[in-house]
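Engineer: with the input below, show me the fold.
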Amino acid sequence: MTAPSGHTATLFETTPDRKVRCTACARYCKIPEGSHGFCFVRKNVDGRLVLLSYGKASAVQVDPIEKKPLSHFHPGTRVYSIGTVGCNWRCAYCQNAEISQEREVVGRSLPPRTAVAEARKFGCSGVTFTYNEPSIFAEYALDVIQEAHQAGLFANFVTNGYMTPEAVALIGPHLDAVSVDFKGSGEPGFLRKYVAATGPEPIFQSAVDLRKRGVHVEITDLIVPEVGESVEATQKLARFVRDELGPSTPFHLLRFHPDYRMLDLPETPVATLEKLHRVVKAEGLEYVYLGNVWGHPLEHTYCPGCGTIVVRRFGFTIKSWQLDPENRCRKCGTKIPIVGTLPEDYAPSFATPIT
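Structural biologist: You can find the predicted model right below:
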């Protein structure tokens, strides 16, 4: 399916001067003939936009769904994770910079049908697009998703949400779940300085549009100490989630660790995460989690009706499950908004690299 020059993209518009306007992300790059977009994988070739990374996987791994993180979507299942090179952001702390900031399009051949066959081979329940921003290779992801659905697998994005209405219209009807990953609570100054993005508005709009299309949405917020830990920005984000996505939307506060070009900052203090957890809860969100703090009590799912721990976790592992087959609290009967239920044959496992 992949021509030597790449796969013709869908998300673009032509202009009279033979430039193409890419509509995959909110940058809307206007690309002259022979040049690349900001992501380096979408190129104007003879007046058409070509996705150079189509069918080229730079990272492939079997992960627990909880790693995405998705805590309320098919818990206890495994997903076949796929990433390519390139990104539409320049996160100064990116833990996947070796692929996200790669300007040479490299990767092993992984056509859609092969990807799904491997997912089934490794006992996965779904496919997920992660490690770099999946909207920049949306056409490839869509082909994999369609193959996955035919095989009875679900599909999800781990995305920065910096998408366009055109991209949401293309991929949204086919996605089952999405983890929208805010950085520094979406504070505009943080995004400009550390991400090279103009502001959070496209992220807000993408999250709302995906939710309206019936996609299961969970929100993550990476808390970077000293430069991205604003109480006010966190409050604003929590209010947006409450008002536009609903108070039962899972909200994950993630601990930062130094990486790439931000090695001078410490890990996020747990006390900072706990403080922001209280801030988010005070805004009325029912399911707020701390991520990357294994063994912390705020990893668990608590019943909003009676306060019982209904799902006890340690990192990506589920340690106990106190929900009935309809995901109701066994103590008080409150319905917990989780898609799917714990598989009967669930056995705790950690990420399993494919060799």
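Engineer: was I right about T220 contacting G291?
Structural biologist: Yes - shown here, T220 and G291 form a contact pair, counting by C-beta atoms under 8 Å, at 7.0 Å. Any C-beta I mention is one placed from the backbone N, CA and C, and that applies to glycine too.
Engineer: return the alpha-carbon coordinates of stretch 101-120 using PDB.
Structural biologist: Taking C-alpha atoms only, stretch 101-120 is exported to PDB below (Å, rounded to 0.1, in the frame of the first residue of the first chain):
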ATOM      1  CA  GLN A 101      12.200  14.800  17.100                       C
ATOM      2  CA  GLU A 102      13.700  12.500  14.400                       C
ATOM      3  CA  ARG A 103      13.900  14.300  11.000                       C
ATOM      4  CA  GLU A 104      14.800  11.200   9.000                       C
ATOM      5  CA  VAL A 105      11.800   9.100   8.300                       C
ATOM      6  CA  VAL A 106      12.800   5.600   9.600                       C
ATOM      7  CA  GLY A 107      11.100   2.600  11.000                       C
ATOM      8  CA  ARG A 108      10.300  -1.000  10.300                       C
ATOM      9  CA  SER A 109       7.600  -1.900   7.800                       C
ATOM     10  CA  LEU A 110       4.300  -2.400   9.500                       C
ATOM     11  CA  PRO A 111       1.300  -2.400   7.100                       C
ATOM     12  CA  PRO A 112      -2.100  -2.200   8.800                       C
ATOM     13  CA  ARG A 113      -3.000  -5.800   8.300                       C
ATOM     14  CA  THR A 114       0.400  -6.900   9.800                       C
ATOM     15  CA  ALA A 115      -0.100  -4.600  12.800                       C
ATOM     16  CA  VAL A 116      -3.400  -6.200  13.600                       C
ATOM     17  CA  ALA A 117      -2.100  -9.700  13.100                       C
ATOM     18  CA  GLU A 118       0.600  -9.000  15.500                       C
ATOM     19  CA  ALA A 119      -1.800  -7.500  18.000                       C
ATOM     20  CA  ARG A 120      -3.900 -10.700  17.900                       C
END
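Engineer: on that earlier part again, mind listing the shared neighbours of T220 and G291?
Structural biologist: P69, H252, L253, L254 (C-beta atoms under 8 Å, 6 or more residues apart in numbering).
Engineer: so the last one bridges to which residues?
Structural biologist: Going by DSSP bridges, L254 is paired in beta bridges with L222, G291.
Engineer: where do the helices sit along the stretch 201-350 of the chain?
Structural biologist: Using DSSP state H, counting those that start in this stretch, the helices of the stretch 201-350 of the chain run over 201-212, 231-240, 270-282.
Engineer: could you list the domains of this structure?
Structural biologist: According to automatic domain parsing, the chain is divided into the following domains: 7-51, 56-298, 300-339.
Engineer: gap between the first one and the chain center?
Structural biologist: In this case it means domain 7-51. Taking C-alpha atoms, centre = their mean, to the nearest Å, one finds domain 7-51 lying 24 Å from the centre of the chain it belongs to.
Engineer: quick one on the thing from earlier: now for the shared contacts of T220 and G291: which two are most distant?
Structural biologist: Across those, the longest distance by C-beta to C-beta is 10.7 Å; it joins P69 and L253.
Engineer: if you count surrounding residues, which of the two has more?
Structural biologist: L253 (27 against 22; other C-beta atoms under 10 Å).
Engineer: what about that one, distance to D221?
Structural biologist: Remark: distance between L253 and D221 (C-beta to C-beta, to the nearest Å) = 6 Å.
Engineer: wait, a helix at V144?
Structural biologist: Yes - counting by DSSP: H, G, I helix; E, B strand; the rest coil, one finds V144 located in a helix.
Engineer: which ones are touching it?
Structural biologist: Contacts of V144 (C-beta under 8 Å, 6+ apart): I82, P112, A115, V116, V127, F129, A155.
Engineer: if we can go back for a sec, reformat the helices of the stretch 201-350 of the chain as TSV; add distance to G184, mean neighbour count and mean pLDDT.
Structural biologist: Listed next are the helices of the stretch 201-350 of the chain as TSV, based on distance: least, C-beta to C-beta, whole Å; neighbours: other C-beta atoms under 10 Å; pLDDT from 0 to 100:
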stretch	distance to G184	mean neighbour count	mean pLDDT
helix 201-212	12	20	98
helix 231-240	7	18	97
helix 270-282	11	17	98
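Engineer: reformat the ones you listed as TSV; add distance to H300.
Structural biologist: Below are these laid out as TSV (distance: least, C-beta to C-beta, whole Å):
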stretch	distance to H300
helix 201-212	25
helix 231-240	19
helix 270-282	12
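Engineer: need the contact partners of stretch 34-53.
Structural biologist: In contact with stretch 34-53 (C-beta under 8 Å, 6+ apart) are residues 5-9, 11-12, 14, 18-20, 22, 24-25, 27, 29, 31-33, 84-88, 102-103, 105, 107, 133, 136-137, 139-140.
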